[in-house]
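**Student:** Predicted structure and sequence below. I'll ask about it afterward.
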Amino acid sequence: MAAAQQITKPNPTLWVTVNIRLFLPFSASYRATCSKDVSSPRSRAISARRLRNASTTLESDECEVALRSVLEELYELVGRPVIKRLNELNRSEQSRVWWCATSVFYSLPLHAMGPIPSDISPPRYFLDLYIPSYTPSLSSLIESRKVGSQTSDKPSILLVLHPDASMAEALGEMQAVQGVRTRVKNLIGATATPTAVLECLQDHPFAHIVCPGILESGKPFDSSFKLHND
């Protein structure tokens, strides 16, 4: 079940609150990686491990099939009812939609779900219709939109770069962020320590972090980034 609501005027913002059984979006990926019945917890666990093994190679055909299935089922479970609600609210395409996800749901590419059934070619996905953004909590989103919480100066960005060997596009991503017309604070390589990152986060409203991450779905507060000397 999903819903979209308005917060304030004159700059209305839409947030999306999703109430859904977390394992359901993964059922498509299970089907793509396991031909056995996936209704039992044991079957789901076995299939999940197979999917993780397939995802270690980005060129893996099995991984690509699983990803496409996940995006398709995400659209059916989440995207379709959200778009329906947006239409009921008379929100035009290219409106900004804020996603507030939790736990393992936060790791799913909600902005890329689809394709959305249409007579238009090529296929369109959620980000082709709306401008998706993510917020860690509704309170932080509401607080950031209060009068006086924003400044007319260009906001600074904290850039943290500590990639591993699998992140071949990290350098290009760094250059793209550094090319933004605003002040960028760089923590790269050995300077990207947990202590330095935590200190710099206090001084920058935006952060772009390029490094491996660990998602602990059962204990979300134990999830973390892998920084230097960490």
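**Tutor:** Perfect, thanks for sending it.

**Student:** doesn't Leu159 make contact with Cys200?
**Tutor:** No - judged on C-beta atoms under 8 Å, Cys200 makes no contact with Leu159 at a distance of 9.7 Å. In this view, the C-beta of every residue, glycine as well, is placed from N, C-alpha and C.

**Student:** Need the residues touching each of the two.
**Tutor:** Shared contacts of Cys200 and Leu159 (C-beta atoms under 8 Å, 6 or more residues apart in numbering): 185, 187.

**Student:** Between the two, which is the more surrounded one?
**Tutor:** Comparing Cys200 with Leu159 by other C-beta atoms under 10 Å, the one with more neighbours is Leu159, at 22 against 19.

**Student:** Three-state assignment for that one, please.
**Tutor:** When classified by DSSP: H, G, I helix; E, B strand; the rest coil, Leu159 comes out as strand.

**Student:** got it, and Asn186?
**Tutor:** strand.

**Student:** repeat for Asp164
**Tutor:** coil.

**Student:** quick one: contacts for it?
**Tutor:** Residues near Asp164 by C-beta under 8 Å, 6+ apart: 211-212, 226.

**Student:** Closest one to Gln94 out of those, please.
**Tutor:** Distances from Gln94 to these, taken as C-beta to C-beta, are shortest for Cys211 (31.8 Å).

**Student:** Can you tell me the closest non-neighbouring residue to that closest one?
**Tutor:** Nearest residue to Cys211, sequence neighbours excluded (C-beta to C-beta, 6 or more residues apart in numbering): His162, at 4.1 Å.

**Student:** measure that neighbour to Ala190 for me?
**Tutor:** According to C-beta to C-beta, to the nearest Å, His162 and Ala190 sit 9 Å apart.

**Student:** who's more crowded, those two?
**Tutor:** His162 (24 against 10).

**Student:** domains of the chain?
**Tutor:** Here the domain parsing of the chain from automatic domain parsing is 2-143, 151-225.

**Student:** out of those domains, deepest packed?
**Tutor:** domain 2-143 (a mean of 15; mean count of other C-beta atoms under 10 Å).

**Student:** thinking again about what came up before, distance check, the residue nearest to Cys211 against Pro109.
**Tutor:** From His162 to Pro109 the distance is 23 Å (C-beta to C-beta).

**Student:** Ile120: what secondary structure?
**Tutor:** coil.

**Student:** Could you pull up phi and psi at it?
**Tutor:** Per-residue torsions, Ile120: phi -80, psi 140 (degrees, to the nearest 10).

**Student:** What separation do you get for it and Val65?
**Tutor:** Distance, Ile120 to Val65, using C-beta to C-beta: 24 Å.

**Student:** can you list the weak-confidence ranges in this protein?
**Tutor:** 1-60, 147-152 (pLDDT under 70).

**Student:** Contacts only, for the spatially most central residue of the chain.
**Tutor:** Nearest to the mean C-alpha position of the chain, counting by C-alpha atoms, centre = their mean, stands Pro109 at 5.1 Å. By C-beta under 8 Å, 6+ apart, the contact list for Pro109 reads 71, 74.

**Student:** ok, so what distance separates it from Glu143?
**Tutor:** 26 Å.

**Student:** same deal with Lys84?
**Tutor:** 29 Å.

**Student:** cool, His162 as well?
**Tutor:** 29 Å.

**Student:** and what of Asn90?
**Tutor:** 27 Å.

**Student:** Over to Asp203?
**Tutor:** For Asp203, the distance to Glu143 - C-beta to C-beta - is 18 Å.
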